[in-house]
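Participant: Compute the structure for the input listed below.
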Amino acid sequence: MPWGFEQFLLVTTDKLTVYEKAIVQCFRHVRYAYLQIVKQRRKRRLVTVKQRLVKGKESDFPPKTRNTSYLERFNLTLSQSVSYLQRKTLGYCKSQVNFQWMLWMNLFNYNYCQFHRSLRQDLTGESTKFQRRYRHLTPAMKMGLTTTRLDWRDLIIAPIPENAHEFTTSTIL
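Facilitator: Next comes the predicted model:
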């Protein structure tokens, strides 16, 4: 395991058929639980929302993780940061390599550099004036991948593996 602890992922998607095949292929070496949220609409109105457990148990998913809103919010944040993910107008990218590097740079910034308001640790337990109450965290700090916020210098001076051109998300997992 790359991070020193046993991984267990919770995956929640809508019922697009390609997701199931892609998840099975990408996470074949990782333990995961997979839940699909199936929304039925009639005349643009939401009628029912059902949950379809594909892999794992219902107890694997805490109540607030049984939706797709976190993923949709992340997709919106990423598409606002990377113009190549928006409509093909001014931000159109002709090079797949440039697109991948831009995406990795934005993911580094999002996960290691930026503090997120929703990820904070209460330091005091009570509110007092003129005392630091919260410790702000990045997603990587929350997951235990790092103890401090990283900056661009950390990325630039990091050693590059010899097979960096072959580095993909499947090698991480």
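Participant: and this protein, what are its domains?
Facilitator: 1-67, 92-173 (automatic domain parsing).
Participant: Compare those domains and say which comes out lowest on pLDDT.
Facilitator: Mean pLDDT per stretch puts domain 92-173 lowest among the domains of the chain, at a mean of 77.
Participant: what are the ranges of the strands in this structure?
Facilitator: Per DSSP state E, the chain carries strands over the ranges 8-14, 31-42, 45-55, 116-122, 134-137.
Participant: got those as a markdown table, with mean neighbour count and distance to residue 78 columns?
Facilitator: Every residue, glycine included, has its C-beta placed from N, CA and C. Shown next, in a markdown table, are those (neighbours: other Cβ atoms under 10 Å; distance: least, Cβ to Cβ, whole Å):
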| stretch | mean neighbour count | distance to residue 78 |
| --- | --- | --- |
| strand 8-14 | 15 | 16 |
| strand 31-42 | 15 | 20 |
| strand 45-55 | 11 | 25 |
| strand 116-122 | 12 | 14 |
| strand 134-137 | 14 | 19 |
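Participant: For the ones you listed, give me TSV that also has distance to residue 98.
Facilitator: TSV is the format used below for those (distance: least, Cβ to Cβ, whole Å):
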stretch	distance to residue 98
strand 8-14	28
strand 31-42	31
strand 45-55	35
strand 116-122	27
strand 134-137	31
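Participant: Tell me which of the ones you listed lies nearest to residue 82.
Facilitator: strand 116-122 (17.9 Å; Cβ to Cβ).
Participant: I'd like to know which of the strands of the chain is closest to residue 74.
Facilitator: Nearest of those to residue 74, taken as Cβ to Cβ: strand 116-122 at 10.9 Å.
Participant: Contacts for stretch 27-39, please.
Facilitator: 6-15, 19-20, 23, 46, 48-57, 60-61, 66-68, 173 (Cβ atoms under 8 Å, 6 or more residues apart in numbering).
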